[in-house]
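Colleague: sequence first, predicted model second:
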Amino acid sequence: MPNLASAVAYAKHVHRNDRRKWGGQLYIYHPMRVMTEAMLRGMNEAHLMAAVCHDILEDHPEPTPEAAYKMLNWHIGSIATSIVGMLTNRFTKEAYPDMNRADRKAAEFKRLGTLPDSVKILKMYDRIDNLESIGLDIGFSRLYGEESLLLFDHIGHADPELDAKGRRLAIEAARAS
């Protein structure tokens, strides 16, 4: 039976060779921090399992997206896998090659705005952690900050305190020069 310990073990396995784009830190620390924030908030086990596995479908769709989904479901169960599915970006460059980045992000943020508040809160934890660890990549930091402000326009109402923190970090990133 899937549980939080098995979800953490699976996330560690899947991300074992991954490093953050900025800073080179082991990637697993990111989903672990997101899970910890969700745990401190008192979220249920399915949300905690989804938090620690939230990037697996997006970053590791091998050998096929369907096979990755089935493996994730086997390791964390159908409810947590459903939450991960909600958090997974649908408007990728591969899926929408004729859309530019700004249009894809706008469509994705609008989609995220339709999700349950608990899922929006997980997304806010994810985005806030990214903003806190983005580093000094000035060009990307600015773009990511600007996009984050748009994201919080769609999901921030789910938690005003997280919204305020996320917007503060996004503004700092957007002002990077």
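Modeller: On my side now, so go ahead.
Colleague: so how far is Trp22 from Met39?
Modeller: According to CB to CB, to the nearest Å, Met39 and Trp22 sit 25 Å apart. Where C-beta positions appear, they are placed from N, C-alpha and C, glycine not excepted.
Colleague: three-state assignment of Cys11?
Modeller: Check again: residue 11 is Ala, not Cys. helix (DSSP: H, G, I helix; E, B strand; the rest coil).
Colleague: and it, what's its pLDDT?
Modeller: At Ala11, the pLDDT value in this model is 96.
Colleague: ok, now which ones touch it?
Modeller: For Ala11, the contacting residues are Ile28, Pro31, Met32, Val52, Cys53, Ile56, by CB atoms under 8 Å, 6 or more residues apart in numbering.
Colleague: now render these as CSV, adding pLDDT, neighbour count and distance to Phe109.
Modeller: Shown next, in CSV, are those (pLDDT from 0 to 100; neighbours: other CB atoms under 10 Å; distance: CB to CB, whole Å):
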residue, pLDDT, neighbour count, distance to Phe109
Ile28, 96, 19, 26
Pro31, 97, 24, 21
Met32, 98, 18, 25
Val52, 98, 29, 23
Cys53, 97, 26, 22
Ile56, 94, 25, 21
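Colleague: hmm, which two among those are most spread apart?
Modeller: Spatial extent of the contacts of Ala11 (CB to CB) is set by the pair Met32 and Ile56 at 13.3 Å.
Colleague: longest helix anywhere in this structure?
Modeller: helix 65-87 (DSSP state H).
Colleague: using CSV, list the CA coordinates for that one.
Modeller: Taking C-alpha atoms only, helix 65-87 is exported to CSV below (Å, rounded to 0.1, in the frame of the first residue of the first chain):
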residue,chain,number,x,y,z
PRO,A,65,4.2,9.5,-20.4
GLU,A,66,1.7,6.7,-20.0
ALA,A,67,4.2,4.3,-18.5
ALA,A,68,5.5,7.1,-16.2
TYR,A,69,2.0,7.8,-15.0
LYS,A,70,1.4,4.1,-14.3
MET,A,71,4.6,3.7,-12.4
LEU,A,72,3.8,6.8,-10.3
ASN,A,73,0.3,5.5,-9.6
TRP,A,74,1.8,2.2,-8.5
HIS,A,75,4.1,4.0,-6.1
ILE,A,76,1.9,6.7,-4.6
GLY,A,77,-1.7,5.6,-5.4
SER,A,78,-4.4,7.1,-7.6
ILE,A,79,-5.4,10.1,-5.5
ALA,A,80,-1.8,11.4,-5.1
THR,A,81,-1.1,10.6,-8.8
SER,A,82,-4.2,12.6,-9.7
ILE,A,83,-2.9,15.6,-7.8
VAL,A,84,0.5,15.3,-9.5
GLY,A,85,-1.3,15.2,-12.8
MET,A,86,-3.1,18.4,-11.9
LEU,A,87,0.3,20.1,-11.1
